[in-house]
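Engineer: I would like the atomic coordinates for the input below:
(one chain, ligands or ions: 1)
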Amino acid sequence: MKVDDAPGLFPLLPVSKAPAPPFGMGYPVWSKNKALLIERYLHYFIMVTKHGAYIDGFAGPQRDNDVDLWSAKRVLEHEPKWLHSFVLCDLDEKQVAQLQQLKTEQPLRNREKHEPKRTISVLQGDFNQSVDEALKLSGILNRKTAAFCLLDQRTFECHWDTIRKVAEYRPQQKVELFYLMPIYWLKRSLAAVRDLEKLKAWWGRDDWSELQRMTTPDIGSLVCNRFMKEFKYQYVQAWPVRRSKTNSHIMYFMIHATDHPEAPKLMGRAFRKTDSRNFEDLGTMDLEEFLAKDEGLDGSPRT
Ligand SMILES: C[S@@+](CC[C@H](N)C(=O)[O-])C[C@H]1O[C@@H](n2cnc3c(N)ncnc32)[C@H](O)[C@@H]1O
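Structural biologist: Below is the predicted model:
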């Protein structure tokens, strides 16, 4: 047997370019802060890109009584208003009415602040069906537009093939992704679902029952590795979103997938800032200075 034909020493171990997912690093970012975290990360994203498109597949508000923690609203209203294209989708008629209302409430662009002309598209329907239209409406195909997509499902609503469509839409400059992977209620929900086709569509293959036997960190690692292997993202990390300030159960993993080497570093910064609520002055923050600093994901100096 030639050396090249010999099996590898560890053929079953996943090869990953990303640093190990930061499980248990003590980030107590809690569920209520999810929208703040998304907004914070997107702030850094636009400070770097100076423009961009935002696609939200499951965009209706999670809580009617607390629209201040509604991601689509926070991102639309966030200053500076440099994102120029928004596509907001939801299945539910009432949720879509709220999205329409949010769209109409947006002020005219402020030319003095050099705000770009914005397009805001609201789509009603199953995002798994409308994903192609949403990507088209975002206008990113033929332009070097930075693009970001939020897939904030409750449990099993987002099909694996839908993530694939987003990832493969513009392979040369992939859409950056946040995918919410349920954890706290995952095993109970898996056991309760009778429609096995639904689980297969969600997980993209039929070995979803294996998740029942896996630990939370292993589930996070598996999803990250699948994003890298199947969707070809360079950097994928699972960020834990915990239940509350006083209850550290992991509710979801926020799976962050990107090809940009600086993006995981920005996400680490967003995590720390969101948790402490000790936000820096957004107007004066010098992001280039931060990016030039040799800081690790958790803010400690890189060794
Ligand atoms: C977890 S909530 C989204 C929360 C929101 N991102 C926020 O910041 O408050 C999930 C939303 O997805 C919607 N939804 C459920 N199934 C869907 C589907 N197949 N396609 C699109 N939207 C769906 C629900 O109506 C709900 O508004």
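
Engineer: give me the element residue 161 is part of.
Structural biologist: Using DSSP states H and E, the element containing residue 161 is helix 160-169.

Engineer: ok, residues contacting that helix?
Structural biologist: The contact list for helix 160-169, computed with CB atoms under 8 Å, 6 or more residues apart in numbering, reads 55, 57, 127-128, 131-132, 135, 140-141, 149, 151, 174-175, 177, 179, 201-205, 227, 230-233, 257. No exception for glycine: its C-beta is placed from N, CA and C like everyone else's.

Engineer: in that helix, what's buried?
Structural biologist: By neighbour count on 16 or more other CB atoms under 10 Å, the buried set for helix 160-169 is 160, 162, 163, 166, 167, 169.

Engineer: hey, C-alpha coordinates of it in PDB?
Structural biologist: Provided in PDB are the C-alpha atoms of helix 160-169 (Å, rounded to 0.1, in the frame of the first residue of the first chain):
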ATOM      1  CA  TRP A 160     -31.600  22.200   7.100                       C
ATOM      2  CA  ASP A 161     -32.000  22.700   3.400                       C
ATOM      3  CA  THR A 162     -33.000  26.300   4.100                       C
ATOM      4  CA  ILE A 163     -29.700  27.000   5.800                       C
ATOM      5  CA  ARG A 164     -28.000  25.400   2.900                       C
ATOM      6  CA  LYS A 165     -29.800  27.700   0.400                       C
ATOM      7  CA  VAL A 166     -28.700  30.700   2.400                       C
ATOM      8  CA  ALA A 167     -25.100  29.400   2.600                       C
ATOM      9  CA  GLU A 168     -24.900  28.500  -1.000                       C
ATOM     10  CA  TYR A 169     -26.600  31.500  -2.500                       C
END
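
Engineer: show me how far it is from its chain's centre.
Structural biologist: Remark: helix 160-169 is offset 13 Å from the chain centroid, using CA atoms, centre = their mean, to the nearest Å.

Engineer: and for stretch 134-145?
Structural biologist: Relative to its parent chain, stretch 134-145 has a centroid offset of 18 Å by CA atoms, centre = their mean.

Engineer: and the end-to-end length of that stretch?
Structural biologist: Across stretch 134-145, the terminal residues are separated by 15 Å (CA to CA, to the nearest Å).

Engineer: buried residues in that stretch?
Structural biologist: 134, 135, 137, 138, 139, 140, 145.

Engineer: contacting residues around that stretch?
Structural biologist: 51-53, 55, 57, 85, 87, 89, 119, 121, 123, 127, 147, 165-166, 169-170, 173, 175.

Engineer: show me what counts as buried in stretch 177-188.
Structural biologist: Those would be 177, 178, 179, 180, 181, 182, 183, 184, 186, for stretch 177-188 by 16+ other CB under 10 Å.

Engineer: and whichever residue of the chain sits closest to the ligand, what is it in contact with?
Structural biologist: Scanning the chain for proximity to the ligand using CB to the nearest ligand atom identifies residue 60 as nearest, at 2.8 Å. Applying CB under 8 Å, 6+ apart, we find residue 60 in contact with 90, 92, 94, 95, 96, 98, 99.

Engineer: about what we covered before: ok, of the buried residues of stretch 177-188, which one's closest to residue 268?
Structural biologist: Of all those, the one with the least separation from residue 268 (CB to CB) is residue 178, at 14.5 Å.
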